[in-house]
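Colleague: sharing a model prediction with you, sequence too.
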Amino acid sequence: MMRTKKTTRLSLALTGALALGGLLATGPGIAHSQEQSGGEVEAAIKYRQSVMSVLGGVMGTTVGQLRDGIAYGPELQPMAEALAAASGDIPALFPEGTGEGETDALPAVWEEREAFEEAAATFDEQARAFAEAVAGGERAEIFQSFRDLGEACKSCHEDFRD
Ligand code: HEC
């Protein structure tokens, strides 16, 4: 029974990691366009929310893996890699002109762009640190860097998400 549950969770995580890769590869990519129609704005908002949802799923899965002691080694690698792959691209998910509509992004994302990009850069660093810790296999470091990574999510949400 337990076994089935764990396997399911792991394969869900893998699906999430793959979906994230796909999302990042095929996003609407309107970051560089000057004029945006309502449809494009809506698509950009949906796109970033789904990337964030995948991040949430990957983080949740990793919590489960660590807490239940399922994985401290190669099984964590796809999660860590998905997080690191997504982390460099956060500001591009919030192009100018996508602050209105069905979004929880606060105006501060654009009004305090430097601080937002700093929060994104911190997150990027933590995601890479976590990936390195996973590759290194040191349990204490894996836990610590994962905690720091969670803090980076939380801290950006506190300042920039409604
Ligand atoms: C640099 C800022 C920043 C970082 C870092 C960040 N987020 Fe977010 N996140 C946001 C903002 C802003 C929104 C609101 C987006 C919107 O509604 O358009 C959001 C939304 C979300 C959502 C809701 C998505 C939805 O369906 O509406 C989830 C879940 C989420 N983030 C998870 C995470 C997780 C997990 C991490 C870390 C692994 C993370 N975020 C890192 C800024 C950030």
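Modeller: Sure, I can see it.

Colleague: the residue nearest to the spatial centre of the chain: what secondary structure?
Modeller: The chain has residue 55 as the residue nearest its centroid, 3.4 Å off, counting by CA atoms, centre = their mean. Secondary structure, DSSP: H, G, I helix; E, B strand; the rest coil: residue 55 is helix.

Colleague: count the residues that sit near the closest residue to it other than its chain neighbours.
Modeller: Of all residues not flanking residue 55 in the chain, residue 86 sits nearest, at 6.0 Å (CB to CB, 6 or more residues apart in numbering). Where C-beta positions appear, they are placed from N, C-alpha and C, glycine not excepted. Residue 86: 23 surrounding residues under other CB atoms under 10 Å.

Colleague: quick one: residue 86 and residue 53 touch, right?
Modeller: No - under the criterion of CB atoms under 8 Å, residue 86 makes no contact with residue 53, lying 11.4 Å away.

Colleague: buried set for the host helix or strand of residue 149?
Modeller: Residue 149 is part of helix 139-160, with elements assigned from DSSP states H and E. Of all the residues in helix 139-160, those buried under the rule 16 or more other CB atoms under 10 Å are 142, 145, 146, 148, 149, 152, 153, 156, 160.

Colleague: so which of these reach the ligand?
Modeller: 152, 153, 156, 160 (CB under 6 Å from any ligand atom).

Colleague: picking up where we left off before, for the residue nearest to residue 55, phi and psi?
Modeller: Per-residue torsions, residue 86: phi -80, psi -30 (degrees, to the nearest 10).

Colleague: what's the distance between it and the ligand?
Modeller: Separation of residue 86 from the ligand (CB to the nearest ligand atom, to the nearest Å): 8 Å.

Colleague: give me the pLDDT for that residue.
Modeller: Looking at residue 86, its pLDDT stands at 86.

Colleague: and what of residue 66?
Modeller: On the pLDDT scale, residue 66 gets 86.

Colleague: and if you look at residue 42?
Modeller: pLDDT recorded at residue 42 is 94.

Colleague: closest to residue 75 out of the ones next to the ligand among the buried residues of helix 139-160?
Modeller: residue 153 (21.5 Å; CB to CB).

Colleague: against residue 53, how distant is residue 142?
Modeller: Computed as CB to CB, to the nearest Å, the residue 142 to residue 53 distance reads 24 Å.

Colleague: to clarify, my last question referred to residue 105.
Modeller: Distance, residue 105 to residue 53, by CB to CB: 14 Å.

Colleague: same check, this time on residue 155
Modeller: Going from residue 155 to residue 53 by CB to CB gives 19 Å.
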